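Chemist: With the sequence up front, the predicted model follows.
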Protein chains: 2
Amino acid sequence: MKVLIIEDDPLHRSYLNEAIRAALPECDGVLEAENGNSGERLARDCKSAHIVMDLQMSQRNGIEAARTIWKERPETRILFWSNYSDEAYVRGVSRIVPAGAVYGYVLKSASDDRLKLALRSIFIESQCVIDREVRGMQQRSLGNVNGFTEAEYEILVDIALGLTDRAIAQRRNLSVRSVQNRLQQLYIKLGVYQPLGNQDDDSRFNLRARAVAVAFLRKLLNHSALERAETDLTGWLARQPHD
Amino acid sequence: MKVLIIEDDPLHRSYLNEAIRAALPECDGVLEAENGNSGERLARDCKSAHIVMDLQMSQRNGIEAARTIWKERPETRILFWSNYSDEAYVRGVSRIVPAGAVYGYVLKSASDDRLKLALRSIFIESQCVIDREVRGMQQRSLGNVNGFTEAEYEILVDIALGLTDRAIAQRRNLSVRSVQNRLQQLYIKLGVYQPLGNQDDDSRFNLRARAVAVAFLRKLLNHSALERAETDLTGWLARQPHD
DNA sequence: CGGGACCTTGCGGGATCCCGCAGAAAAAAT
DNA sequence: ATTTTTTCTGCGGGATCCCGCAAGGTCCCG
């Protein structure tokens, strides 16, 4: 059994390396990669590796790497080891995990023991391990209580990219009015909606822009999510006929 | 001489601790804080400490902590030790450094030696040390070539917060039209501007929203910058008469 | 089968945004 | 001091956004 580490911080890398050797004595080889690209390559070469990786690395972020790795070998077991439990990350991960795959998500702030336990659970016991904090986020996110539909999240991303209503309608195969309906939904859920009738109100906010702002502040969006969305978008634009 | 470490990652904290003891044998005490709040408190107590701190910590981010510390004791020497050289961070730092203060900005990716050298330069030789990469950013940012004016940056932040033209005008003491002029400037510099006349154009983008998006993608804005701006804004809103 | 909950779509209108045009005011250069 | 350059400002209009209203559609449940 081999384990592949994908993590750009050398300190964390060596810490992980030690933790793995300690927790998994049956492991006979630890590989290291310092970004998503070389990580993918190594994963391809060494067929049977389990993987521990960071999200957010500079070159190629963890989620993209994980996506391609899982696309090539869906049974790969991946433990995500991240600083944050941003909704954007959690959602990003759960969007790409293949059906029935074994994976984990533990925070870097977790204790030594928890990390080691997670390593054994995932790689030996074939059992998923999600940090309670992350799990909480996930629940809140998917459970309807104050959670966002896939549709709502999608349109949030679209306006965050700066698309017009019309462009969104085109992209999502909707009428412009429907797009606006979804936007309204979104505004309400984000608590940005202006109850109207405020005559003397100083309606200081541009709803569209404000929605994006609070989404960022709430970590519903973050840099890497935006980056992914941007590359998706340019792909779509390229496929579009030039009018 | 004492040194105060403000850094939320325990691994990095202990690494820093060792590096400091090795580089500064004349140092007779190293304190540690794991977020901006307790860092400020410690800095207040132990009057004469030099400081090494991370930007982006969860509780209270580095720039805010540094600002209050410098406000209380402008001659404090601070070494910023960060993962990133985002324009948002660099700009944030150079905005708050008091005249004549000694400080440094080195990346976590820097070598051991560079870190130690920086420690000695700043705390012993009273000399500023800015990583070349960061310095490059700074130049590009301040030099007019593809750089953003303070005014432009300011309005960028305002639309990122979701303010309307009118609200911005009020806040910055301008006419609405001037705000729009500045916006136009911004759009041009961000390469978002639409040359107009495209009849069949794919004007797929809402300029305002798109500007924010590319600013994020280029790391001209980031979460912590937005957070700071948001608290500034709510402060201002509170001071505003309620019509 | 009828009613209810939900989503989609068109229409219309008021508010906002984007921006060319051109004069006034301020700042910088000569 | 005068010219040049930049910035600020009002006006006007077309495009876009925001959203109430109302007419279908779909799906599920009794």
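Modeler: Okay, I see it. Residues are numbered from 1 along each chain as shown, chains lettered A, B, ... in the order given.

Chemist: got the residue ranges for the strands in chain A?
Modeler: A:3-6, A:30-33, A:50-53, A:78-82, A:103-107, A:129-130 (DSSP state E).

Chemist: can I get the ones you listed in a markdown table with mean pLDDT, mean neighbour count and distance to residue A:18?
Modeler: C-beta: built from backbone N, CA, C; applies to glycine. Output for the strands of chain A, formatted as a markdown table (pLDDT from 0 to 100; neighbours: other Cβ atoms under 10 Å in any protein chain shown; distance: least, Cβ to Cβ, whole Å):
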| stretch | mean pLDDT | mean neighbour count | distance to residue A:18 |
| --- | --- | --- | --- |
| strand A:3-6 | 96 | 26 | 11 |
| strand A:30-33 | 94 | 19 | 10 |
| strand A:50-53 | 96 | 25 | 12 |
| strand A:78-82 | 96 | 25 | 14 |
| strand A:103-107 | 96 | 22 | 16 |
| strand A:129-130 | 96 | 20 | 19 |
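
Chemist: what's the closest of those to DNA strand C?
Modeler: DNA strand C lies closest to strand A:129-130 among the strands of chain A, at 27.5 Å (Cβ to the nearest atom of the strand).

Chemist: Partner strands of the closest one and their direction?
Modeler: Each strand paired with strand A:129-130, and its direction, by DSSP bridges: strand A:103-107 (parallel).

Chemist: export the lengthiest helix in chain A as PDB, just CAs?
Modeler: Using DSSP state H to define each element, chain A has its longest helix at helix A:223-239. C-alpha atoms of helix A:223-239 as PDB (Å, rounded to 0.1, in the frame of the first residue of the first chain):
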ATOM      1  CA  HIS A 223     -11.500  32.400  -4.800                       C
ATOM      2  CA  SER A 224     -11.200  28.800  -5.900                       C
ATOM      3  CA  ALA A 225     -14.900  28.400  -6.600                       C
ATOM      4  CA  LEU A 226     -14.800  31.500  -8.700                       C
ATOM      5  CA  GLU A 227     -11.800  30.300 -10.600                       C
ATOM      6  CA  ARG A 228     -13.400  27.000 -11.400                       C
ATOM      7  CA  ALA A 229     -16.600  28.700 -12.500                       C
ATOM      8  CA  GLU A 230     -14.600  31.000 -14.700                       C
ATOM      9  CA  THR A 231     -12.900  28.200 -16.500                       C
ATOM     10  CA  ASP A 232     -16.200  26.500 -17.000                       C
ATOM     11  CA  LEU A 233     -17.600  29.700 -18.400                       C
ATOM     12  CA  THR A 234     -14.800  30.300 -20.900                       C
ATOM     13  CA  GLY A 235     -15.300  26.700 -22.000                       C
ATOM     14  CA  TRP A 236     -18.900  27.400 -22.600                       C
ATOM     15  CA  LEU A 237     -18.200  30.700 -24.300                       C
ATOM     16  CA  ALA A 238     -15.900  29.000 -26.700                       C
ATOM     17  CA  ARG A 239     -18.500  26.400 -27.600                       C
END
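
Chemist: got the angle for it vs helix B:223-239?
Modeler: Calculated by axes from the mean of the first three to the mean of the last three Cα atoms, to 10 degrees, helix A:223-239 forms an angle of 100 degrees with helix B:223-239.

Chemist: what's the spacing between the helix or strand of chain A with the lowest mean pLDDT and its chain's center?
Modeler: Sorting the helices and strands of chain A by mean pLDDT, DSSP states H and E puts helix A:132-142 at the bottom, at a mean of 82. Helix A:132-142 has its C-alpha centroid displaced from the chain centroid by 13 Å (Cα atoms, centre = their mean, to the nearest Å).

Chemist: One more: stretch A:27-43?
Modeler: For stretch A:27-43, the distance to the chain centre is 20 Å (Cα atoms, centre = their mean).

Chemist: Contacts for it, please.
Modeler: By Cβ atoms under 8 Å, 6 or more residues apart in numbering or on different chains, the surrounding residues in contact with stretch A:27-43 are A:1-8, A:10, A:13, A:17, A:20-21, A:46, A:49, A:51, A:53, A:57-62, A:64-65, A:68-69, A:72-73, A:76, A:123.

Chemist: now stretch A:45-52
Modeler: Against stretch A:45-52 from outside (Cβ under 8 Å, 6+ apart): A:1-7, A:16, A:20, A:31, A:39, A:42-43, A:69, A:73, A:76-79, A:81, A:119, A:122-123.

Chemist: Point out the residues in chain A that sit beside DNA strand D.
Modeler: Counting by Cβ under 7 Å from any atom of the strand, chain A comes close to DNA strand D at A:164-166, A:177, A:180, A:183-184, A:187, A:193-194, A:196, A:206-208.

Chemist: Domain ranges for chain A, per the record?
Modeler: Domain segmentation of chain A under automatic domain parsing yields A:3-142, A:150-239.

Chemist: Not counting its neighbours along the chain, what's nearest residue A:55?
Modeler: residue A:62 (3.8 Å; Cβ to Cβ, 6 or more residues apart in numbering or on different chains).

Chemist: Let me know whether residue A:167 touches residue B:204 as I believe.
Modeler: Yes - at 3.9 Å, residue A:167 counts as touching residue B:204 under the criterion of Cβ atoms under 8 Å.

Chemist: Which one of the two is surrounded by more residues?
Modeler: When neighbours are counted by other Cβ atoms under 10 Å in any protein chain shown, residue A:167 and residue B:204 differ, and residue A:167 comes out ahead with 23 against 19.

Chemist: Okay, now the unreliable bits of chain A?
Modeler: Applying pLDDT under 70 to chain A flags the ranges A:141-146, A:194-202, A:241-243.

Chemist: Quick check: closest non-adjacent residue to residue A:54.
Modeler: Nearest-residue entry for residue A:54: residue A:7, 4.4 Å, with adjacent residues in sequence omitted and distances by Cβ to Cβ, 6+ apart.

Chemist: who are the neighbours in contact with the one you found?
Modeler: The contact partners of residue A:7, by Cβ under 8 Å, 6+ apart, come to A:13, A:16, A:32-34, A:52-54, A:57, A:81.
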